[in-house]
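Novice: Requesting a structural model of the entry that follows:
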Amino acid sequence: MALGLTGTALMVCEGAALGWSAIFLHDSRGASLGLAATAVTAYTGAQALGRVIGDRLALRYGAPALFRTGGVVAACGLAMAVLSPNPVTAIGGFAVAGAGASVLIPLAYSAVGQAKEDSPEAATLISRFTTFTYAGTLCGPAAIGWAAEFVGLTWTLAALIPVPCAVAFLSRLPGRPQR
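Specialist: This is a model prediction of the structure:
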C-alpha cells in the first residue's frame, strides 16, 4: 500500500508537469503559446536523459541515495518553475524537475519488483503498483484542474513542491531487501 501511494504521488507530480506546465506558463507567466509548449519538451527531454543515465547513477551512488537526490532535485525544479516570474527560467525549472523525477518511478518499480522477487507474488505486486501509478496519471491532472478552479494554478502547483521530497524521504525504497 505504501509503495502504491508513492507511485500515485509521483505520477500526480508528473501529470502536473505534463498536463499543466504549458497552461501555467501561458496563463500565469504571459508566455506565448509556442514558448509555453516548450515546458513539456524541457521536462520530458530532461526526464529522458535522466533515465538513460539513471542505472549507471544507481550503481555508482546506490539506489536509495539516488532516489532521495532525485526527489530533492525534482522539488527544487518545480519550485524554480512555479516561483520564477520569467517564463524562460520557469521552463528551465521544469527541465530540472524532469531530470530529478526521471529516476523516481523506475527506482520505485525496481523496489516493488525486488520486494518478493523469488516469489510468484512479485508479478502481483508489480500489477498493483501499476494500478496505483495509473490512478495518479489519470486522476492527478483532473484534481489539479479542479483545485486550480478554487485557488488558482500557481497555488495548486506550489502545493505540489514538497511532494517529491516527502516521497523521497518517507518512502521505504528503493533497495534490495537484506537476506
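
Novice: Which elements pack onto the least confident helix or strand in the chain by mean pLDDT?
Specialist: Lowest on mean pLDDT, DSSP states H and E among the helices and strands of the chain sits helix 104-115, with a mean of 88. Helices and strands touching helix 104-115, by 3 or more Cβ pairs under 8 Å, 6 or more residues apart in numbering; DSSP states H and E, are helix 2-29, helix 33-61, helix 63-83, helix 121-151, helix 162-170. Every residue, glycine included, has its C-beta placed from N, CA and C.

Novice: And those helices: which comes nearest Pro106?
Specialist: Proximity to Pro106 (Cβ to Cβ) singles out helix 33-61 among the helices and strands packed on helix 104-115, at 6.0 Å.

Novice: Which positions in the closest one come out as buried?
Specialist: Buried residues in helix 33-61, counted by 16 or more other Cβ atoms under 10 Å: 35-40, 42-44, 46-47, 50-51, 54, 57-58.

Novice: How far off centre is it?
Specialist: Distance, stretch centre to chain centre, for helix 33-61: 11 Å (Cα atoms, centre = their mean, to the nearest Å).

Novice: what angle separates it from helix 104-115?
Specialist: Counting by axes from the mean of the first three to the mean of the last three Cα atoms, to 10 degrees, helix 33-61 lies at 40 degrees to helix 104-115.
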